[in-house]
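Asker: Here is my input; please provide its structure:
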Amino acid sequence: MPETPVFSTAAVAAPHRLAAETGQTILAAGGNAVEAMVAMAAAIAVVYPHMNGLGGDGFWLVREPKGRIHALDASGPAGALATIKRYRGKGYDAVPPRGPDAALTVAGAVAGWGLALELAKALGGQLPLDLLMGDAIRLARDGYAIGAAEGRNPQLEQAALFSAPGFAEAFLVEGKLPEAGTRRRNLKLADALDQLAHAGLADFYRGDVGREIAADLERIGSPITRKDLEAYRARVVQPLSVRLKHSTVYNLPPPSQGLAALLILGMFERLNVGRAETPEHHHGLIEAAKRAFAIRDRVVTDPRELTRNPADFLEPAALEREAALIEARRAAPYPPRSAEGDTVWMGCIDKDGLAVSYIQSVYWAFGSGCVLPATGIHWHNRGLGFSLDPKSRNPLEPGRKPFHTLNPGLAVFNDGRVLSYGTMGGEGQPQILGQIFTRYADFGMSLADAVDAPRWLFGKSWGSPSATLKVEGRFDPGLLRALSGFGHPVQELDKPYADALGHAGMLVKHPRNGRVEAVHDPRSDGGSLGL
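Answerer: Next up, the predicted model:
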């Protein structure tokens, strides 16, 4: 059984060891958890480009030691030229996943870093921006070894990805993705990061870097304009929460799918499952996730377009009604939704108890595939969350935000423990969060065991003709037989640890001694470090 690393006062967890080392360095230099996370976010944007980058989005949850929760939405809207008419005129039936027409939403991550640093300073942070950006600049300029997870990542729509503007020059060697361990540099990105470190992060949108980004986006034919960049701001939002018997759990409101993650936990608690790793445990989570996704798909959209208050669905009476509709030994029909999506989740808790749960992404591996030549920034394809049907829940419109899979979690327990947790995994994130959270919070598993244990994920992906319940190869055969007997279409994977079932992490601060337990997924290239 894996052991959970325990640190005396503070810790970080990240899916790449270089990002974890950056966070540890900032904490050792006297930085707070938010400052450490900004530095980690910049570093991992360089060394894990298939998962995230400056050209992507981010969402933050931050808990102050005295209890106040801050939620930051750093997701970007569709560009001024991103209209259904434009895409229909080009012959599209859906938003394309790769190329310039996929690069249709403003990238919000860097604005989120800036807004987070305003909070960091209000909480006593004093480290200069050039120090926080230092590791990212060095790694981009001097180079880094390509991680194992990148080397084994499947590439959807590979032909379109490889032919996207700038992709081959930035990421291919002799027409192929290089093997893990190959060293890669990005000098243009290093220069852009250096400019941001000295001019300020707003330069990404309203300065020299923003001017270069806008010019390159226009040159390749993206529907994003310079005015779109100049007008963008990350936002402070009101977090969603659900009250459980042992804790209060927080997540992000729309356009994030954080509502679904909280619904799963609220429904599952009401099923009164007594033991972990039983058919009842996993069946209950699966069925709760199906009901949560049905609500999510009716509700979650651009926050300006909401017709219902998402918090209404988290009221005890609403959760009771939904849980009562779950049949104890029979599977409901599976929704034909995809679970694709590549992301990084990272956590940090400092010596004072300031806790951060942060998630950053370019959506699909390498996003749109478009690499902007002046800055070396690759742009996300988050616009895939839009529909070209004007009557849909998330129709493509200029200025509108798409449905967003990203949702970091944070929980405060009745005994004072504070848990920061999250995962990558596209639309499947709430399913994975439900598994790792209930293993720890409901059934007392250690953090390491909760994250290491085998996972499942339902959805239509990896070439499956229909939605199936994909399970890692370490589950008890008797449990799988029981789930099949309940009507779940079990598809056992040939991997004991599958990347597609998430790179998850968890950190918990204990109030009595101040120690921090912290783990990151054995499925990733990272881990936890601390002081």
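
Asker: how many neighbours does Lys245 have?
Answerer: 8 (other Cβ atoms under 10 Å). For every residue, glycine as well, the C-beta is placed using N, CA and C.

Asker: Where does it sit: helix, strand or coil?
Answerer: For Lys245, the assignment made with DSSP: H, G, I helix; E, B strand; the rest coil gives coil.

Asker: thought it was touching Asn272?
Answerer: No. In this structure Lys245 lies outside contact range of Asn272 using Cβ atoms under 8 Å: 10.4 Å.

Asker: Ala288 and Leu529, how far apart?
Answerer: 34 Å (Cβ to Cβ, to the nearest Å).

Asker: what about the two, which has more around it?
Answerer: The neighbour count for Ala288 versus Leu529, taken as other Cβ under 10 Å, is higher for Ala288 (28 against 24).

Asker: Now name the helix or strand holding that one.
Answerer: Using DSSP states H and E, Ala288 sits in helix 279-299.

Asker: now for that helix, which elements pack on it?
Answerer: Judged by 3 or more Cβ pairs under 8 Å, 6 or more residues apart in numbering; DSSP states H and E, the packing partners of helix 279-299 are helix 258-269, helix 316-324, helix 429-437, strand 456-459, helix 477-485.

Asker: please redo it, this time with the cut-off set to 7 Å
Answerer: helix 258-269, helix 429-437, helix 477-485 (3 or more Cβ pairs under 7 Å, 6 or more residues apart in numbering; DSSP states H and E).

Asker: Which residues does it contact?
Answerer: Helix 279-299 is touched from outside by 257, 259-260, 263-264, 267-268, 271, 273, 275, 308, 310, 313, 322, 325-326, 332, 335, 337, 393, 430-431, 434-435, 438, 456, 458, 469, 479, 482-483, 486, 488, with contacts defined as Cβ atoms under 7 Å, 6 or more residues apart in numbering.

Asker: List buried residues within the residues you listed.
Answerer: 257, 259-260, 263-264, 267-268, 271, 273, 310, 313, 322, 326, 337, 393, 430-431, 434-435, 438, 456, 458, 469, 479, 482-483, 486, 488 (16 or more other Cβ atoms under 10 Å).

Asker: Check what pLDDT Ala339 gets.
Answerer: Per-residue pLDDT puts Ala339 at 56.

Asker: my bad, Leu507
Answerer: pLDDT recorded at Leu507 is 98.

Asker: Asp342 versus that one, what's the distance?
Answerer: In terms of Cβ to Cβ, Leu507 sits 22 Å off from Asp342.

Asker: neighbour-wise, which of the two wins?
Answerer: Leu507 (30 against 26).

Asker: does that one count as helix, strand or coil?
Answerer: strand.

Asker: quick one: it and Asp350, what's the gap?
Answerer: 11 Å.

Asker: One more: Gln195?
Answerer: Separation of Gln195 from Asp350 (Cβ to Cβ) stands at 29 Å.

Asker: Who has more neighbours out of the two?
Answerer: More neighbours surround Asp350 than the other of Gln195 and Asp350, with 29 against 19 (other Cβ under 10 Å).

Asker: Now for the closest residue to that one other than its chain neighbours: which residues touch it?
Answerer: Of all residues not flanking Asp350 in the chain, Ala33 sits nearest, at 4.1 Å (Cβ to Cβ, 6 or more residues apart in numbering). By Cβ under 7 Å, 6+ apart, the contact set of Ala33 is Cys348, Ile349, Asp350, Leu354, Ala355, Val356.

Asker: Looking at the residues you listed, which is nearest Ala10?
Answerer: Taking Cβ to Cβ as the measure, Ala10 sits nearest to Asp350 out of the contacts of Ala33, at 4.6 Å.

Asker: Quick check, that closest one in contact with Ala29.
Answerer: No. Asp350 is beyond contact range of Ala29, at 11.7 Å (criterion: Cβ atoms under 7 Å).

Asker: Got the phi and psi for Gly530?
Answerer: According to degrees, to the nearest 10, the main-chain angles of Gly530 amount to phi -170, psi -170.

Asker: wait, it sits on Ala518?
Answerer: Yes. Using Cβ under 7 Å, Gly530 is in contact with Ala518, at 6.1 Å.

Asker: any shared contact partners between these two?
Answerer: Phe7, Ala11.

Asker: neighbour count winner among the two?
Answerer: Between Gly530 and Ala518, counting by other Cβ under 10 Å, Ala518 is the more crowded of the two (30 against 26).

Asker: Next, the buried residues of the strand or helix carrying the more buried one.
Answerer: Using DSSP H and E, the element containing Ala518 is strand 516-520. Across strand 516-520, burial judged by 16+ other Cβ under 10 Å covers Val516, Glu517, Ala518, Val519, His520.
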